[in-house]
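> Take a look and give me a structure for this.
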Amino acid sequence: MMRGEKQHRQQNPHDKAKLEHSQHQRPFNLNLWEVLGGILLIVGYMFATSPAHKVAAVWIFFAALVLIGLGIAIRLTHEFSATPIGAEPPNNIGDRPYMFFQGANFDLASMKNPASPHVITFHFQNGGKSPAFGVGGQSYVSIVDTKLTEAPVGALLPNEPSRQFVSPGSVINQSIVCKNIFGDNAEENVTKIENGEKFLYIYGHMDYEDRTSGTKRNLKFCGLYNPAIKQFETMPFGNEVE
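Model (predicted):
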């Protein structure tokens with residue numbers, strides 16, 4: 001998995017281009033506690049069919065409900081504390097800063113041209129009401145042979161990422177030079193991505209200081225290029241905003 005070089009530029013919010021996003025529902029996956037609770041429900045039902053084990057069945061049913069309740073509580077906590085990629089800031093964030101990933105500009109066809117700059121530009125906005133301090137992170141581009149089922153982990157950069165101040169409503173751009181990722185066989189790689197034989201992902205993370213609460217916040221993003229609509233689409237993993 002290879003990474004590109006990157007550079008930052010802050011942009012006036014009135015000049016930013018409108019970015020299109022395809023929103024996907026997150027898949028419904030049972031967590032460990034819900035699975036264990038379900039197993040105990042089955043075991044309890046089996047015990048309940050025997051008059052000699054009805055007391056044990058009651059306790060098993062009780063334990064199953066406790067586990068399922070715990071699993072649901074964990075699920076709700078996660079759902080209400082994380083926001084998918086590209087989502088607008090919620091109304092109840094208060095006066096805090098709120099950095100989120102808007103999307104990326106990219107022309108796949110141009111990557112076939114050896115003279116092309118081979119650049120993907122990422123857009124991040126502070127949708128909160130307070131400045132974000134010390135904003136910095138790492139972004140990656142990767143071409144793989146099979147679709148991913150979980151968020152990839154990029155290699156750490158050798159140096160600390162540059163940090164910057166982002167005022168409320170402002171957008172920062174991050175450009176990834178990905179010529180080395182498409183490689184010497186750029187035309188072949190582009191054709192395979194267009195035909196669904198290879199898959200192009202963007203992903204990364206960013207952190208910043210929230211001085212309204214004295215905390216450090218993080219965001220993660222992950223998108224897959226869809227050649228049918230010529231845009232990156234949200235993945236059901238690796239997309240969170242704290």
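
> can you give me the strands in the chain?
Using DSSP state E, the strands of the chain run over 5-11, 99-105, 119-126, 132-144, 164-166, 171-177, 199-210, 215-226, 231-234, 240-241.

> Who are the packing partners of the second one?
Contact here means 3 or more Cβ pairs under 8 Å, 6 or more residues apart in numbering; DSSP states H and E; on that basis strand 99-105 packs against strand 119-126, strand 199-210, strand 215-226, strand 231-234. The C-beta positions use only the backbone N, C-alpha and C, and glycine is treated the same way.

> Dump the second one to PDB, keeping only the CA atoms.
Backbone C-alpha positions of strand 199-210 (Å, rounded to 0.1, in the frame of the first residue of the first chain) are rendered in PDB as follows:
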ATOM      1  CA  PHE A 199     -10.500  -0.700  -6.600                       C
ATOM      2  CA  LEU A 200      -9.300   2.800  -5.800                       C
ATOM      3  CA  TYR A 201      -9.700   3.900  -2.100                       C
ATOM      4  CA  ILE A 202      -9.000   7.100  -0.300                       C
ATOM      5  CA  TYR A 203      -8.800   7.200   3.400                       C
ATOM      6  CA  GLY A 204      -7.100   8.900   6.300                       C
ATOM      7  CA  HIS A 205      -7.500  10.700   9.600                       C
ATOM      8  CA  MET A 206      -7.200  14.200  11.100                       C
ATOM      9  CA  ASP A 207      -7.100  15.500  14.700                       C
ATOM     10  CA  TYR A 208      -7.400  19.000  16.200                       C
ATOM     11  CA  GLU A 209      -7.800  20.900  19.400                       C
ATOM     12  CA  ASP A 210     -11.200  21.900  20.700                       C
END
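
> just checking, what packs against that strand?
In terms of contacts (3+ Cβ pairs under 8 Å, 6+ apart), strand 199-210 is packed against strand 99-105, strand 119-126, strand 132-144, strand 215-226.
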